[in-house]
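In: give me a model of this one.
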Amino acid sequence: MTKKNNKINTTQLCVLLLGVFLSMRPILENALQAEVLDNDCIITTFFAGIINLCLTMLVCYVIYKNPNKSFYDIIKNFLGTTITKIIMFLLAIIFLFKLIIVDYQMADLLYDAIYSDINWIYFVVPIYLTFLFLALKNIKTIARCYQFFIPFAVVIFIAALLISTANANFENLLPFFDHNYSSFIEGFSYILIQSGEFIFLFTFMENIISKDKHYFKKISITLIIIFILVMCFYILFIAVLGKLAPYVQESIIKMTQLDHYTYGYFKIDIFISVMYIPIIILQCALCVYSASYSLNKSIKLNKKISSFLIILALFLTKFIPGLNNKVIIDFFYKTIGIYVIIFVLFLPIILIIASNKKEKNYEKISR
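Out: From the prediction side, this is the model:
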């Protein structure tokens, strides 16, 4: 496929952003905040959502001002080749961690909602081959797949929220600010790491058609929708589960299982699982794509080879004793979390400075 045909429009970009949100948030990671803050996680989610919205818009602004320019090229012109390669390598590591976390979420989803005695090893080969196939294609292929599945996922997600309201006790939301400063900082750090979905943009900036009509309008509406969905989800998450929230995995599933009518007759939890699996598969494929892209930029590793090695390594993790989702999440969020936050949050700021510096140099040369 030619570079021209590998471009994605604004609508596809918005669908990608929605897809990343739907696969990362409502399955497991929200319990991390509830473990520390209980109902106060709603407050940290609100402020983290504002930060995420602003930083994502900042990255989209740079894309608009620098059409066909990659993140790598913009940063390299400002910081030099060596530092930029280090940044890309660190990004690859983050994408790999996200891949492992989402992959384990998919396994947990199958265990909990479909069949508790399922042997996950029998499923990894065809699923991982799907990861590999999509990652070896291009970002437009992934975006088109998202376009097909996202409408169904959004509808079922909203339906799950509406069903959950029947069991919501909104008294669980109060009182606010009932935790100490250190707890707020810890919980806030978790949601900030989760909110860094904009880093995926760094691996396909050059493929985005930023001169689309209503570019900023579409992105703004999408980010506002994501923000509203996140807030509604966290509010219902606490209202429905209350003190059980810190101990609940696959929360979007558990929230619907509490309703006797929908769980007993319609098995809505199984329906949600079936709808979520394609989105999680696409998210894993995007992680593989982004990691291989970053490795190619940092150490010149061929994308096909790196994608294959990533899938192989992911498969081998299934045979490491004691390695599970909790171990990975604890290490990523609690052990190295502060370094991830600093790195991820500063990248958009560095990017906007680098893009402006490049423009100034260009103007100076032109004169």
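
In: from here on, just use CA atoms for contacts and neighbour counts.
Out: Fine.

In: could you pull up the residues touching residue 134?
Out: 141-142, 282, 285 (CA atoms under 8 Å, 6 or more residues apart in numbering).

In: buried only: go through the residues you listed for me.
Out: 141-142, 282, 285 (16 or more other CA atoms under 10 Å).

In: sketch out the low-pLDDT regions of this structure for me.
Out: 1-4, 24-32, 108-122, 247-274, 358-367 (pLDDT under 70).

In: quick one, strands of it?
Out: Taking DSSP state E, the chain contains no strands at all.

In: before we move on, the earlier item: any chance of JSON lines for the buried ones among the contacts of residue 134, columns distance to residue 208?
Out: Below are those laid out as JSON lines (distance: CA to CA, whole Å):
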{"residue": "141", "distance to residue 208": "13"}
{"residue": "142", "distance to residue 208": "13"}
{"residue": "282", "distance to residue 208": "19"}
{"residue": "285", "distance to residue 208": "18"}
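
In: of the residues you listed, just say which sits nearest to residue 297.
Out: Checking the buried ones among the contacts of residue 134 against residue 297 with CA to CA, the nearest one is residue 285 at 18.4 Å.

In: surely that closest one meets residue 131?
Out: Yes: the criterion here is CA atoms under 8 Å, and residue 285 meets it with residue 131 at 4.5 Å.

In: which positions within stretch 183-201 qualify as buried?
Out: Buried residues in stretch 183-201, counted by 16+ other CA under 10 Å: 183-184, 186-201.

In: and which of the contacts of residue 134 is nearest residue 49?
Out: Nearest member of those to residue 49, counting by CA to CA, is residue 282, at 23.1 Å.

In: was I right about the closest one contacting residue 131?
Out: Yes: distance between residue 282 and residue 131: 7.4 Å, which falls inside the contact criterion (CA under 8 Å).

In: on that earlier part again, tell me which entries of the contacts of residue 134 lie within helices.
Out: Using DSSP state H, the members of the contacts of residue 134 that fall in helices are 141-142, 282, 285.

In: show me which of the residues you listed is closest to residue 89.
Out: Nearest member of the ones in helices among the contacts of residue 134 to residue 89, counting by CA to CA, is residue 285, at 18.4 Å.

In: from residue 343, how far off is the closest one?
Out: From residue 285 across to residue 343, the span is 23 Å (CA to CA, to the nearest Å).

In: and residue 312, by the same measure?
Out: 27 Å.

In: list phi and psi for residue 7.
Out: phi -80, psi 150 (degrees, to the nearest 10).

In: enumerate every residue touching the nearest residue to it once chain neighbours are set aside.
Out: The shortest distance from residue 7 to any non-neighbouring residue, by CA to CA, 6 or more residues apart in numbering, is to residue 207 (4.6 Å). The contact partners of residue 207, taken as CA under 8 Å, 6+ apart, are 3, 6-8, 68, 139.

In: in helices only, show me those.
Out: Among the contacts of residue 207, the members found in helices (DSSP H) are residue 139.

In: make a ChimeraX selection of whichever of the contacts of residue 207 turn out to be buried.
Out: Selecting only the buried entries of the contacts of residue 207 in ChimeraX, with 16+ other CA under 10 Å as the criterion:
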select :6,7,8,68,139
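
In: and the two most separated of the contacts of residue 207?
Out: Spanning the widest gap among the contacts of residue 207 are 68 and 139, at 14.3 Å by CA to CA.

In: and the residue nearest in space to the middle of the chain, how close does it get to residue 164?
Out: The residue lying closest to the centre of the chain (CA atoms, centre = their mean) is residue 20, at 4.2 Å. From residue 20 across to residue 164, the span is 22 Å (CA to CA).

In: now swap in residue 155 and tell me
Out: If you go by CA to CA, the gap between residue 155 and residue 164 works out to 14 Å.

In: which one of these two is surrounded by more residues?
Out: Per other CA atoms under 10 Å, whichever of residue 155 and residue 164 has more neighbours is residue 164, with 23 against 12.

In: thought the more buried one was touching residue 240?
Out: Yes: the criterion here is CA under 8 Å, and residue 164 meets it with residue 240 at 6.9 Å.

In: contacting residues for residue 206?
Out: 63, 67-71.

In: swap the cut-off to 7 Å and go again
Out: 67-70 (CA atoms under 7 Å, 6 or more residues apart in numbering).

In: tell me the one of those residues nearest residue 123?
Out: Nearest to residue 123, judged by CA to CA, of the contacts of residue 206 is residue 70 at 36.0 Å.

In: and for residue 343, the neighbour number?
Out: 14.

In: swap in the one 3 residues further on?
Out: Using other CA under 10 Å, residue 346 has 11 other residues around it.

In: can you check residue 299 too?
Out: 12.

In: the one 3 residues further on now?
Out: Applying other CA under 10 Å, we find 13 residues neighbouring residue 302.

In: let me see the backbone angles for it.
Out: Residue torsions, per degrees, to the nearest 10, at residue 302 are phi -50, psi 140.

In: any chance of the contacts of residue 207 in a markdown table, plus distance to residue 105?
Out: Below are those laid out as a markdown table (distance: CA to CA, whole Å):
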| residue | distance to residue 105 |
| --- | --- |
| 3 | 34 |
| 6 | 30 |
| 7 | 30 |
| 8 | 28 |
| 68 | 35 |
| 139 | 23 |
